[in-house]
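*Asks:* coordinates only, sequence not included:
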C-alpha cells in the first residue's frame, strides 16, 4: 500500500504519529509524510532544523515532505495563525510537492487542529485515494473547553467546518468509544466510524522496571516519586496538581516529578513558588520519548490528569496506554473514559477531575501500600493493556480498513 500521512506535527516533535509511520513501514508499506516545520511545544522552529533542514527530510527510510508555517508562538493569536498557515500551505504546496505521485490511502493525524484535514481532502480529490482521519481531539468541544474560542457564534462556524470535514472522510477513527455521539451530532455516519485507541508504543512494551533510572533522578532516589510525563497544557490542570502537592507536604519523602513542557509550564512554576513547593514539585524539563522508560524507572507511580470539562470526559489521554504498559501504578485525576480504563484495569487509583484534595488522598493511599500491593497493581495494568491496546492488532486493523475504503473510491 502507498500511504500518505498528513499531520501538522511530526518528528522531531514527539507525537504518536511517528510510531504509526514506523509501524506501517515495518509492514512493508510505502509511506510518505506531509507535515510542517517542527515548532511544538516551544512555539519556535527547532534550532536543529534551521541549522540543517536536509537532515530532517527522511525519518528512518520514510520521505518527509515539509511545508512552511507560522510557528505557534506563545499566545492565542499566534496559535490561530499557526493552525491556518499549515492548512493553507499544505493545501497549496502539498499537491505541487507530491505531483505525479499516486497513493492508495491518506491518513490524517488529527490532534488539534482539525484544519489539518483540509489539505488531505483536497489531495483525496486529486489522488482519488480514501481519507482515514484519526481523531484525538474533538472539535469544536476542545476549543471551548480550553478557552481558545468562547464566542458561541464562532464556535458554531467551527462546527460547520467540522461537519464539512466529517462528511468527506471515508473513515473516521476514534481514540475513545465516547467520541461517537459527538461525531454523529456533527454529521458523521455510523458506517464511517471505527474504534482505534492509542496503542502501546514499543518503547514501553515489557514495562520499565528493568530500565536503569535516568541520572537526572539520582537526587530523588529513596523517597516516593509520583511522576507526570508529557505535555503541560491548560487541559492537564496543573493548579489542581499543585494543590495536591501542597496537601501532602507532610508525607515524608513524597515528591511530584514533572517531565515535560508546554504552554502552561509558567503557570505551574508560579504555583510552585506561591506554595513554596520547590522541594516537593520538581520540574525536570522535556526529554525525548526514547528516554521515558529511564525516567519512569525512577518513579513509584505515574500521574495522568485532565481538567473537569465534558469533552475531556470522553477522552483517554495517550499516556494512559503507556502508563498501563509500564508496570507501575497509575494515579489518575480525570473523569469519564480515562478514569474507567484505569479503574477497569485494576492498575491504579482514579479520582475526579480537578479535585486536588481527592488526588492528594489517593497519593496517600499509594504511599501507604506495600511494595507487593503496588507491584500487583502494575502487573494487572500490564495484562490489561496487552489485551486491549496491542500495537500489532490495531495496525493490522488499520490496514484492513484502508484496503476496504480503497475499494469504495470511484
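*Replies:* Alright, I've got the coordinates. Worth saying up front: this structure is predicted, and the values here are computed from it rather than measured.
*Asks:* which residues of the stretch 101-250 of the chain fall in helices?
*Replies:* Using DSSP state H, counting those that start in this stretch, the helices of the stretch 101-250 of the chain run over 117-127, 141-145, 152-168, 180-185, 238-247.
*Asks:* any low-confidence regions in the protein?
*Replies:* Across the chain, the ranges flagged by pLDDT under 70 are 143-151, 155, 409-410.
*Asks:* can you give the domain ranges for it?
*Replies:* 2-199+390-406, 202-388 (automatic domain parsing).
*Asks:* make TSV from those and add mean neighbour count to it.
*Replies:* Using the backbone N, CA and C atoms, a C-beta is placed for each residue, glycine as well. Shown next, in TSV, are the domains of the chain (neighbours: other C-beta atoms under 10 Å):
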stretch	mean neighbour count
domain 2-199+390-406	18
domain 202-388	19
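*Asks:* could I get the helices of the stretch 101-250 of the chain as CSV with distance to residue 254?
*Replies:* Shown next, in CSV, are those (distance: least, C-beta to C-beta, whole Å):
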stretch, distance to residue 254
helix 117-127, 44
helix 141-145, 30
helix 152-168, 41
helix 180-185, 38
helix 238-247, 8
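*Asks:* now for those, which one comes closest to residue 341?
*Replies:* helix 180-185 (16.3 Å; C-beta to C-beta).
*Asks:* the closest one packs against which elements?
*Replies:* In terms of contacts (3 or more C-beta pairs under 8 Å, 6 or more residues apart in numbering; DSSP states H and E), helix 180-185 is packed against strand 171-174.
*Asks:* one more time with 10 Å, if that's ok
*Replies:* Here helix 180-185 touches helix 152-168, strand 171-174, strand 193-195, going by 3 or more C-beta pairs under 10 Å, 6 or more residues apart in numbering; DSSP states H and E.
*Asks:* starting at the chain centroid, how far to stretch 214-233?
*Replies:* On the basis of C-alpha atoms, centre = their mean, to the nearest Å, the separation between the geometric centre of stretch 214-233 and that of its chain is 20 Å.
*Asks:* distance between the ends of it?
*Replies:* End-to-end distance for stretch 214-233, by C-alpha to C-alpha, to the nearest Å: 24 Å.
*Asks:* and the nearest residue to residue 299 once chain neighbours are set aside, how far from residue 219?
*Replies:* Closest residue in space to residue 299, ignoring its immediate chain neighbours: residue 227 at 3.8 Å, by C-beta to C-beta, 6 or more residues apart in numbering. When C-beta to C-beta, to the nearest Å is the yardstick, residue 227 and residue 219 sit 14 Å from each other.
*Asks:* is it true that residue 358 touches residue 350?
*Replies:* Yes - with contact defined as C-beta atoms under 10 Å, residue 358 reaches residue 350; the gap is 9.3 Å.
*Asks:* what do these two both touch?
*Replies:* Residues touching both residue 358 and residue 350 by C-beta atoms under 10 Å, 6 or more residues apart in numbering: residue 333.
*Asks:* how about the strands in the stretch 1-150 of the chain?
*Replies:* Along the stretch 1-150 of the chain, the stretches classed as strands by DSSP state E, counting those that start in this stretch are 2-6, 30-35, 58-59, 62-66, 105-110, 131-135.
*Asks:* each with direction, which strands does the second one pair with?
*Replies:* In this case it means strand 30-35. With DSSP bridges as the test, strand 30-35 is paired with strand 2-6 (parallel), strand 62-66 (parallel).
*Asks:* want to try CSV for those, with distance to residue 328 as columns?
*Replies:* Below are those laid out as CSV (distance: least, C-beta to C-beta, whole Å):
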stretch, distance to residue 328
strand 2-6, 31
strand 62-66, 32
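*Asks:* ok, which of the ones you listed comes nearest residue 22?
*Replies:* strand 62-66 (7.9 Å).
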